[in-house]
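Visitor: need a 3D model of the following:
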Amino acid sequence: MNIYEQIGLKKVINACGKMTPLGVSAVKNEVAESMSQALQDYVEIDELIQYTGKVISKHTNTENACPTIGAAAGIAISVAATISKTNLHIIEQLPFFDGAANEIIIQKGHVVHFGASIKQMISLGGGRAIEVGFANRTYREHIEQAITNKTVALFYVKSHHTVQKGMQSLEVMIDIAKKHNLPLIVDAAAEEDLKKYSKLGANLIIYSGGKALNGPTSGFICGDQVWIEACRMQYKGIGRAMKVSKESMVGLIMALDNYVAKDSNLEKQKERMEILCNRLSEIPGVTTGIEQDEAGRPIYRTRIQLNALETGITASELSETLRKGSPAIYLRDHYSNLGLLHIDPRPLLEGQEDIIVDRIIEIIGGQRAQ
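Guide: Reported below is the predicted structural model:
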């Protein structure tokens, strides 16, 4: 019985992904132990923030970094930094400061809802999101012609949530930012390559500490020294409401030090999914395959296609039934309206694949018996 069951909550099997509503990640023992020790002692927080930044910058190959409580906080803090820089007077007035330039240019296809609104996170930092282009098409001219003397930054979202075609590439955004002497903020919350975006030339890159890194609830901003210094200063302003804890910073340090590029786990991912495919394919009306993440990340998932006429249940109904069971099983059901479900191997604990397959067989078998 896990700790959540002990306090009366239901057990959850997460086959959906590194999802905030499901607690993101299950950390390793060494990460949990480091956090436990951090909670039982004292430290100068400013010194810990500086030290954590140095560790992050080492792992990201950037000039410096600023830890945050999560990637969403990283958006607000990054935006605030581009507006105020290190001006304490402005920092203490944000998100409301009349007279300061505060426009953040973002492609319309990147104005997504990730559990909250990107635009709202920008607003929390005092920014005004300027949407350019259309939901399915943005031209370079849309971006450049929106730049005014009120523009403080360009914003790019690297995520499966965004429109994956018709948008201007990161490389184009970097080129425009350099041409107009503006910083480019990249939301790379769930990305696994910690060096790619700074190497390409982005100025502020935001990551989640709890997703690819399998760390605690945390995040960080890495990039150019001048902007990171301004990010840290936001803890004297809006950052106070989203301050990162001592235990989260220590856990993040441990997660970074133990992080192994996921490329080394690709074959294991595929092997686990092939076993799942073989078992599920034996169910009449179910066909399976292995698919790579739609945003091009090195993540491979089992695709489950249901023929509702044969299974007696639709993909949406199966997903809902799994969630309502005990344990509650969450599959990736973004395309359930097309009869598709996916299983993400990354968050699964030992032996949970078998529980999922057994439960699916039980549910579909029960439908046929009716």
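Visitor: alpha carbons only for contacts and neighbour counts from here, please
Guide: Fine.
Visitor: look at L266 and report its pLDDT.
Guide: The model reports L266 with a pLDDT of 73.
Visitor: that one is in what secondary structure piece?
Guide: Using DSSP states H and E, the element containing L266 is helix 266-280.
Visitor: render the CA-only coordinates of that helix in PDB, please.
Guide: The C-alpha trace of helix 266-280 is given here as PDB (Å, rounded to 0.1, in the frame of the first residue of the first chain):
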ATOM      1  CA  LEU A 266      15.200   3.900 -26.400                       C
ATOM      2  CA  GLU A 267      15.700   0.200 -27.000                       C
ATOM      3  CA  LYS A 268      14.300  -0.700 -23.500                       C
ATOM      4  CA  GLN A 269      11.300   1.500 -24.200                       C
ATOM      5  CA  LYS A 270      10.600  -0.200 -27.500                       C
ATOM      6  CA  GLU A 271      11.200  -3.700 -26.000                       C
ATOM      7  CA  ARG A 272       8.600  -3.000 -23.200                       C
ATOM      8  CA  MET A 273       6.100  -1.700 -25.800                       C
ATOM      9  CA  GLU A 274       6.600  -4.700 -28.100                       C
ATOM     10  CA  ILE A 275       5.700  -7.000 -25.300                       C
ATOM     11  CA  LEU A 276       2.500  -5.000 -24.600                       C
ATOM     12  CA  CYS A 277       1.700  -5.000 -28.300                       C
ATOM     13  CA  ASN A 278       2.000  -8.800 -28.600                       C
ATOM     14  CA  ARG A 279      -0.400  -9.300 -25.700                       C
ATOM     15  CA  LEU A 280      -3.000  -6.700 -26.700                       C
END
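Visitor: distance between it and the chain's centre?
Guide: 24 Å (CA atoms, centre = their mean, to the nearest Å).
Visitor: who does the helix or strand that comes right after that helix pair with, and is each partner parallel or antiparallel?
Guide: Later in the chain than helix 266-280, the nearest helix or strand by DSSP H and E is strand 286-292. Sheet pairing for strand 286-292, assigned by DSSP bridges, gives strand 300-306 (antiparallel).
Visitor: quick one: contacts of the strand it pairs with?
Guide: Contacts to strand 300-306, defined as CA atoms under 8 Å, 6 or more residues apart in numbering, come from residues 266, 269-270, 273-274, 276-277, 285-293, 314-315, 339-345.
Visitor: now list the buried members of those.
Guide: 269-270, 273-274, 276-277, 285-290, 314-315, 339-345 (16 or more other CA atoms under 10 Å).
Visitor: against K196, how distant is the closest residue to R359 other than its chain neighbours?
Guide: Using CA to CA, 6 or more residues apart in numbering and skipping residues adjacent in sequence, the residue nearest R359 is L322, 7.6 Å away. Going from L322 to K196 by CA to CA, to the nearest Å gives 38 Å.
Visitor: quick one: mean pLDDT over the helix or strand harbouring H342.
Guide: Per DSSP H and E, H342 falls inside strand 340-343. For strand 340-343, mean pLDDT is 92.
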